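Q: sequence plus the predicted model coming up.
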Amino acid sequence: MDISITGRNIEINEVVERYIQRRLGTLDRYFAGVEMVKVVVTEEKTKAAEDRFLVEATVVTNRGIVRAEERGELITTAVDKVKDVLKKKLERLKDKLYGARY
């Protein structure tokens, strides 16, 4: 699984890049067909501090595309929120394709 990380209006340092790779590198646990993850981190000049960083993640699977977008006061909180949303969406896709786990 490839993870590509880009930054808009922000320089992505090595620590943030490793954090994103560690957190989103586990998405293939929830859906086996994950091929690539594209992450875009944007810093916006907003008055509200809790909406400062925007993390957009697109997961390309062998069955389609799953996308999530979350905001946070810190990059790490936004990445954690995106991971939770992607986890739910990938599990929903898995249930839809292979039947519910009842």
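A: Received, thanks. Residues are numbered from 1 along each chain as shown.

Q: tell me which element the most centrally placed residue in the chain falls in.
A: Nearest to the geometric centre of the chain sits A57, at 3.9 Å (C-alpha atoms, centre = their mean). For A57, the element it lies in under DSSP states H and E is strand 53-61.

Q: which residues touch the next helix or strand after that strand?
A: Using DSSP H and E, the next helix or strand after strand 53-61 towards the C-terminus is strand 64-72. If you take C-beta atoms under 8 Å, 6 or more residues apart in numbering as the criterion, strand 64-72 is touched by 50-59, 78-82, 85-86, 89-90, 93. C-beta: built from backbone N, CA, C; applies to glycine.

Q: one more pass at 6 Å, please.
A: By C-beta atoms under 6 Å, 6 or more residues apart in numbering, the residues outside strand 64-72 that reach it are 51, 53-59, 78, 81-82, 85-86, 89.

Q: any quick ChimeraX command for the buried ones out of these?
A: In ChimeraX, this line selects whichever of these come out buried by 16 or more other C-beta atoms under 10 Å:
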select :53,54,55,56,57,58,59,78,81,82,85,86,89
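
Q: okay, among the contacts of strand 64-72, which ones form the most distant pair?
A: Spatially, the most separated pair among the contacts of strand 64-72 is D51 and V59, at 23.2 Å (C-beta to C-beta).

Q: give me the below-cutoff pLDDT ranges for this protein.
A: The model of the chain has pLDDT under 70 over residues 100-102.

Q: run through the bridge partners of the nearest residue in space to L54 that is not next to it in sequence.
A: Distance criterion C-beta to C-beta, 6 or more residues apart in numbering; nearest residue to L54, sequence neighbours excluded, is T42 at 4.3 Å. Under DSSP bridges, the beta-bridge partners of T42 are R8, L54.

Q: cool, thanks, signing off.
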